[in-house]
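S.K.: pasting the sequence and the predicted model now:
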Amino acid sequence: MTTNWDKLRPVLFESIGTTIYMVLITLVVGGLIGLVVGTLLYATRKGGILQNTVAHTVLNVLVNIVRPIPFIILLAALGPVTLAVVGRTIGTEAAIFVMIIASSFAIARIVEQNLVTVDPGVIEAARAMGAGPLRIIVTLLIPEALGPLILGYTFVFIGIVDMSAMAGTIGGGGLGDFALVYGYQRFDWQVTLVATLVIILLVQASQFFGNWEARKALRR
């Protein structure tokens, strides 16, 4: 079987653009939500600067429930919620909505784990000097954990690329949809291989950039 790349090339480029769009929107929105939730998980724990057992327990349970669910199952399980929020359960917007939820809880746990590594003595010193919780979080906690956080976000970025590929099963567009519709369903393995190679290049580029940014942050 001969692949008609003159016809498929524009579709491939459009799919690459859709994948990048889905991943960036998810990373920005999910990244911000995850940063807030993860910081609250850290701050509300026992002995934290905003210690609150009830809030910590609720957030911890939510993260533990959502985070382990395979994305393909989450797509189906959140169907009614996606329909209520987005107005449909298929397409790019529906996929992005579920991707944001999945990434938010994954990032929240990564943020919490990295903030735990910050020296408690530094925090106590800031509190002794009268710094409030918000100031400690913004000017001390996050800057101190910035390098590991960048690596954590890079790891999640790769996971989001994987999710965007699986979103092809609900017509989410992007490289996953391209590989499924024009490759797998037509038994055209050349198309599937090209889509796979593009995804690998995206992942490698993001890993290189994340490592570079993390090294810069750690040198400060």
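M.R.: Arrived safely, thanks for sending.
S.K.: please count neighbours and contacts with C-alpha atoms only from this point.
M.R.: Noted.
S.K.: biggest helix in this protein by residues?
M.R.: helix 5-43 (DSSP state H).
S.K.: centre of the chain to it, how far?
M.R.: 8 Å (CA atoms, centre = their mean, to the nearest Å).
S.K.: buried sites along it?
M.R.: The neighbour-count check on helix 5-43 (16 or more other CA atoms under 10 Å) flags 11-12, 14-16, 18-24, 26-27, 29-31, 33-43 as buried.
S.K.: the helix or strand of the chain with the lowest mean pLDDT: how far from the chain's middle?
M.R.: Lowest on mean pLDDT, DSSP states H and E among the helices and strands of the chain sits helix 120-128, with a mean of 81. The chain centre lies 31 Å from the centre of helix 120-128; the measure is CA atoms, centre = their mean.
S.K.: run through who's touching it.
M.R.: 136, 140, 141 (CA atoms under 8 Å, 6 or more residues apart in numbering).
S.K.: run through the helices of the protein in chain order.
M.R.: 5-43, 53-66, 71-77, 79-86, 92-115, 120-128, 133-136, 142-144, 146-166, 174-178, 189-219.
S.K.: could you say what helices and strands the first one packs with?
M.R.: Spelled out, it's helix 5-43. helix 53-66, helix 92-115, helix 146-166, helix 174-178 (3 or more CA pairs under 8 Å, 6 or more residues apart in numbering; DSSP states H and E).
S.K.: dump the ones you listed to TSV, plus distance to residue 85, mean pLDDT and mean neighbour count.
M.R.: What follows is the helices and strands packed on helix 5-43, written out as TSV (distance: least, CA to CA, whole Å; pLDDT from 0 to 100; neighbours: other CA atoms under 10 Å):
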stretch	distance to residue 85	mean pLDDT	mean neighbour count
helix 53-66	18	92	15
helix 92-115	9	92	24
helix 146-166	19	88	21
helix 174-178	22	84	27
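S.K.: grab the nearest non-local neighbour of the most centrally placed residue in the chain.
M.R.: Ranked by distance to the mean C-alpha position of the chain (CA atoms, centre = their mean), the top residue is residue 103 at 3.7 Å. Leaving aside its sequence neighbours, residue 103 sits nearest to residue 30 (CA to CA, 6 or more residues apart in numbering; 5.6 Å).
S.K.: ok, the one you found to residue 46 distance?
M.R.: 26 Å (CA to CA, to the nearest Å).
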